[in-house]
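A.B. asks: return atomic coordinates for the entry below.
(one chain, ligands or ions: 1)
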Amino acid sequence: METAPQAVDWSALAEAATAAMRNAYAPYSRFPVGAAALTADGRIVSGCNVENASYGLTLCAECALVGNLHMTGGGRLRAFYCVDGGGNILMPCGRCRQLLYEFRAPDMELMTTQGIKTMDQVLPDAFGPEHLERTR
Ligand code: THU
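C.D. replies: Down below sits the predicted model:
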């Protein structure tokens, strides 16, 4: 029997992403970002961007989020929400879509500026761990 996908409290995720954004270290871009995700087992993990004087070393909010995911028990991401400094929905950058893809739950959804989308919609034809298996 198939289990129904876990319901997502999007406003709780928006709140967690906004709280995370307030911890951002973004003195160079002055563009704070916060990201939050619901894990498949019901936790909320979050992260903020952390910039560096060597600009290219900037860590996006999603980097901290996936680190937080692993530091708090690992698992899979069921739903994702990202905000800018004004608390507005922000699209994850291309690199971060790939970071999220690695840890997606099969039914993962993302809040986007165009409404709720699936991982496949925001990163179609993705490269993933399964492709490494094929060439070995
Ligand atoms: N940024 C993120 O944290 N996540 C994204 O998905 C988009 C961009 C950050 C990186 C940088 O500190 C600032 O936004 C401006 O690019």
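
A.B. asks: from now on I want contacts and neighbour counts done on CA atoms only, so please keep to that.
C.D. replies: Will do.

A.B. asks: wait, does whichever strand or helix holds A37 contact the ligand?
C.D. replies: Take DSSP states H and E as the rule and A37 turns out to sit in strand 34-39. No. For strand 34-39, no contact with the ligand is found by CA under 6 Å from any ligand atom; the gap never falls below 6.8 Å.

A.B. asks: which residues touch that strand?
C.D. replies: Residues outside strand 34-39 that contact it (CA atoms under 8 Å, 6 or more residues apart in numbering): 8, 13-14, 16-22, 24, 44-49, 61-62, 65, 75-85.

A.B. asks: which among these end up buried?
C.D. replies: With neighbours counted by 16 or more other CA atoms under 10 Å, these contain buried members at 13-14, 16-22, 24, 44-49, 61-62, 65, 76-85.

A.B. asks: near the ligand, which of those residues show up?
C.D. replies: Restricting these to those adjacent to the ligand (criterion: CA under 6 Å from any ligand atom) gives N49, A61.

A.B. asks: keeping just the C-alphas, turn the strand or helix carrying D107 into CSV.
C.D. replies: Following DSSP H and E, one finds D107 within strand 104-112. Written as CSV, here are the backbone C-alpha positions of strand 104-112 (Å, rounded to 0.1, in the frame of the first residue of the first chain):
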residue,chain,number,x,y,z
ARG,A,104,15.6,14.8,-2.0
ALA,A,105,12.8,12.6,-0.8
PRO,A,106,11.0,11.1,-3.8
ASP,A,107,8.1,13.5,-3.3
MET,A,108,10.1,16.6,-2.6
GLU,A,109,8.4,19.9,-3.3
LEU,A,110,9.9,23.4,-3.4
MET,A,111,8.1,26.7,-2.8
THR,A,112,9.0,28.9,-5.8
